[in-house]
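A.B. asks: Got a predicted structure here, sequence first:
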Amino acid sequence: MSTKKYKIEVRIWIEESEGPFLGIGKIWLLENIQKTGSITNAAKEMKMAYRQAWQLVQEMNQRAETPLVEKLLGGKGGGGARLTEAGKNAIATFYEIEKRINDFTQQEFQNINF
């Protein structure tokens with residue numbers, strides 16, 4: 001009889017009074033905005049409609065204490081978007097919380113058997 005190794009997987013999201021505020025999907029959107037410098041290009045990277053990405057950004061900005069994304073006005077090179085310090089901190093904090101939870105679950109449940 002073989003012994004199977006099981007691994008606990010945990011998905012997290014951060015909630016506030018209005019419900020879910022930040023989860024992995026929004027974190028990926030923020031990361032893609034940071035990488036591409038654009039909500040449009042971030043949406044394309046994620047195969048998401050621009051309208052949906054823009055609505056998510058607006059929602060995050062309205063619900064956060066300070067905006068996570070700021071739009072850059074157009075000019076010769078066109079507009080774009082970038083993360084604020086709060087946006088960068090949101091990504092780092094989310095991954096730190098996720099790491100701590102995963103470390104705990106792996107340590108706590110390393111020898112589970114069914």
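C.D. replies: Yep, it's here.

A.B. asks: number of nearby residues for the residue nearest to residue 79 when sequence neighbours are not counted?
C.D. replies: Closest residue in space to residue 79, ignoring its immediate chain neighbours: residue 72 at 5.2 Å, by CB to CB, 6 or more residues apart in numbering. Yep, even glycine has a C-beta here, placed from its N, CA and C like the rest. As a burial measure, residue 72 scores 13 neighbours (other CB atoms under 10 Å).

A.B. asks: hang on, residue 72 packs against residue 83?
C.D. replies: No - Residue 72 is beyond contact range of residue 83, at 11.4 Å (criterion: CB atoms under 8 Å).

A.B. asks: Setting aside sequence neighbours, what's the nearest residue to residue 88?
C.D. replies: Here the residue nearest residue 88, using CB to CB, 6+ apart, is residue 34, at 7.4 Å.

A.B. asks: For my notes, confirm residue 65 occurs in a helix.
C.D. replies: No - using DSSP: H, G, I helix; E, B strand; the rest coil, the secondary structure at residue 65 is coil, not a helix.

A.B. asks: didn't it look like it was pressed against residue 86?
C.D. replies: Yes - taking CB under 8 Å as the definition, residue 65 is a contact partner of residue 86 at 7.2 Å.

A.B. asks: More neighbours: these two, which one.
C.D. replies: residue 86 (17 against 6).

A.B. asks: Leaving out sequence neighbours, find the closest residue to the more buried one.
C.D. replies: Residue nearest to residue 86 in three dimensions, not counting chain neighbours: residue 66, with 4.6 Å by CB to CB, 6+ apart.
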